[in-house]
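Asks: Dropping a prediction and its sequence here:
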Amino acid sequence: MSDTRERIITAMFNLIAELGYEKASIGRIAEAVGIKKASIYYYYKKKEEILFDLIDDCIDSDELDYTFYETSNYEEYKMYLKDFGLVVIDEYTANGTLRKVCGEIYLLCTRNEAVREKMYSIEANHRELFEKYFKHGINIKVLPADYDIHNNSKLITLIFAGIDSVIMSGQEFDTKTVWINFVDKVI
């Protein structure tokens, strides 16, 4: 990705956090980047395309990287999932700006079909990654052969959505303990 594209995405991120998506206009983005409004259209045909790149950068990262394939026993495998969740919780809790932007994106899902479809696609990618994690657990024999990969992948995605919602709304809730207890029950 070019430096200008990255600056455009960063500007949109900051403007959404400050003003919301509707007020993060192409003109304001161009001004924040220090380029002409017409130059934005060289990189993006419409504002929604910038939003989709922003979503890819912020939400659709492969947070659960493939180093889980290096786990070879029950304790390593379980600790990997616990640590993964705790890192995600810490990062999200510490970054108020990210929480604001994610909140705006979730709100957009209620009004914009394309954004909703983008988020559905990302959730499907996350479930697929968790399925790979659980399949690895079966392969190294830390999970039973009949482990319900499909439903547990959905469940873990739902738990993350709930934790995300609790953190975003600022509720006093021990999300780390919830996560650890969840992993203890599902693994």
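Replies: That came through, no problem. Every value quoted in this text rests on a predicted model; they were computed, and no experiment measured them.

Asks: Please name the nearest non-neighbouring residue to the spatially most central residue of the chain.
Replies: In the chain, the centroid-proximal residue (C-alpha atoms, centre = their mean) is residue 59; its distance is 2.8 Å. Distances taken as C-beta to C-beta, 6 or more residues apart in numbering place residue 122 nearest to residue 59, at 5.7 Å, with adjacent residues excluded. All C-beta atoms are positioned from the backbone trio N, CA, C, and that covers glycine.

Asks: ok, now how distant is that neighbour from residue 106?
Replies: Residue 122 sits 12 Å away from residue 106, going by C-beta to C-beta, to the nearest Å.

Asks: as a whole number, average confidence for the longest helix along the chain?
Replies: Counting by DSSP state H, the longest helix found in the chain is helix 113-139. What helix 113-139 shows for mean pLDDT is 93.

Asks: Dump the helix or strand that it is followed by to PDB, restricted to CA.
Replies: Sequence-wise, the next helix or strand downstream of helix 113-139 (DSSP states H and E) is helix 149-168. C-alpha atoms of helix 149-168 as PDB (Å, rounded to 0.1, in the frame of the first residue of the first chain):
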ATOM      1  CA  ILE A 149     -15.300 -27.400  15.400                       C
ATOM      2  CA  HIS A 150     -18.000 -25.600  13.600                       C
ATOM      3  CA  ASN A 151     -20.200 -24.600  16.500                       C
ATOM      4  CA  ASN A 152     -17.200 -23.800  18.800                       C
ATOM      5  CA  SER A 153     -15.800 -21.500  16.100                       C
ATOM      6  CA  LYS A 154     -19.100 -19.700  16.100                       C
ATOM      7  CA  LEU A 155     -19.200 -19.600  19.900                       C
ATOM      8  CA  ILE A 156     -15.700 -18.100  20.200                       C
ATOM      9  CA  THR A 157     -16.600 -15.400  17.600                       C
ATOM     10  CA  LEU A 158     -19.800 -14.600  19.600                       C
ATOM     11  CA  ILE A 159     -17.800 -14.400  22.900                       C
ATOM     12  CA  PHE A 160     -15.400 -11.900  21.300                       C
ATOM     13  CA  ALA A 161     -18.300  -9.800  20.000                       C
ATOM     14  CA  GLY A 162     -19.800  -9.700  23.500                       C
ATOM     15  CA  ILE A 163     -16.400  -8.800  25.100                       C
ATOM     16  CA  ASP A 164     -16.000  -6.100  22.400                       C
ATOM     17  CA  SER A 165     -19.400  -4.700  23.100                       C
ATOM     18  CA  VAL A 166     -18.800  -4.600  26.900                       C
ATOM     19  CA  ILE A 167     -15.500  -2.800  26.400                       C
ATOM     20  CA  MET A 168     -16.900  -0.400  23.900                       C
END
